[in-house]
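Peer 1: What shape does this take:
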Amino acid sequence: MAGSNRKQKTVRGTIASLGVTVLAAAVVYVFVPHDDHAPDIKPVDYRVELITARRAASYPVAAPEGLPAGWKATSVRYRADQGDLWHLGFQDPDGQYVAVEQSTQKRKDFIDEASQGGRATKVTQRIDGRTWTRYTGGRYDALVYEDGKGSTTVVAGTAGFDRLTAMARALELKKTPEGGSTTS
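Peer 2: This is a model prediction of the structure:
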């Protein structure tokens, strides 16, 4: 009987310890402040990189003009040594990610990377005189424009096609000659 009593005390002690631990965790969770929304992302100024890319790239470089309020540029880069790779990332008014990607890299590989594994659908849409193909099934949905001159433009992100279309509609594709002024 003495062994049985000792086991009961051990079980009761274990349950009591577990109860105290759960209670302590609940108190910490309730009284320690925590923020469940995404951190505020600082906007970036992409004008200098855009001018550089438009002078250096072999194709007209895309950047939005006249986006509605609430869109925030969050990242920018131009890599001449990686197929004239242009990247411009945004946060839309709902906090979703939308990126403009351009390159002269091999189309299939570039689109796969920009859309994070998206595949072409049979759906196309005309936006400002350009035919864009919808890509789905990857990490990002995407709109893809193949200019026929060797470059590819991808508008991709976590946002829905309505926001991707808004970005594609706002894009101005321009090339800045060495002499200075911007032309389409």
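Peer 1: which non-adjacent residue is nearest P93?
Peer 2: Spatially, and ignoring its direct neighbours in sequence, P93 is nearest to G70 (3.1 Å; C-beta to C-beta, 6 or more residues apart in numbering). The C-beta positions use only the backbone N, C-alpha and C, and glycine is treated the same way.
Peer 1: how about the helices in the chain?
Peer 2: In the chain, the helices defined using DSSP state H lie at 2-31, 47-56, 107-114, 161-170.
Peer 1: Which of those sits closest to K122?
Peer 2: For the helices of the chain, distance to K122 was read as C-beta to C-beta. The smallest value, 14.4 Å, belongs to helix 161-170.
Peer 1: ok, and for that closest one, which residues are buried?
Peer 2: Buried residues in helix 161-170, counted by 16 or more other C-beta atoms under 10 Å: 161, 163-168, 170.
Peer 1: Of those residues, just say which sits nearest to D40.
Peer 2: For those, the nearest to D40 is R163 (19.4 Å; C-beta to C-beta).
Peer 1: Do you know the pLDDT at A25?
Peer 2: Among the per-residue scores, A25 shows a pLDDT of 72.
Peer 1: just Q91 next, same as before
Peer 2: Per-residue pLDDT puts Q91 at 97.
Peer 1: Distance check, the nearest residue to P64 once chain neighbours are set aside against V48.
Peer 2: Spatial nearest neighbour of P64, excluding adjacent residues (C-beta to C-beta, 6+ apart): A170 at 3.9 Å. Between A170 and V48 the computed distance is 20 Å (C-beta to C-beta, to the nearest Å).
Peer 1: hey, which helix or strand in this structure has the poorest pLDDT?
Peer 2: Within the chain, confidence by mean pLDDT, DSSP states H and E is lowest for helix 2-31 among all helices and strands, at a mean of 72.
Peer 1: how far does that helix sit from the chain's center?
Peer 2: Between the mean C-alpha point of helix 2-31 and the mean C-alpha point of its chain there is a distance of 46 Å (C-alpha atoms, centre = their mean, to the nearest Å).
Peer 1: Let me see the mean pLDDT of stretch 44-57.
Peer 2: 95.
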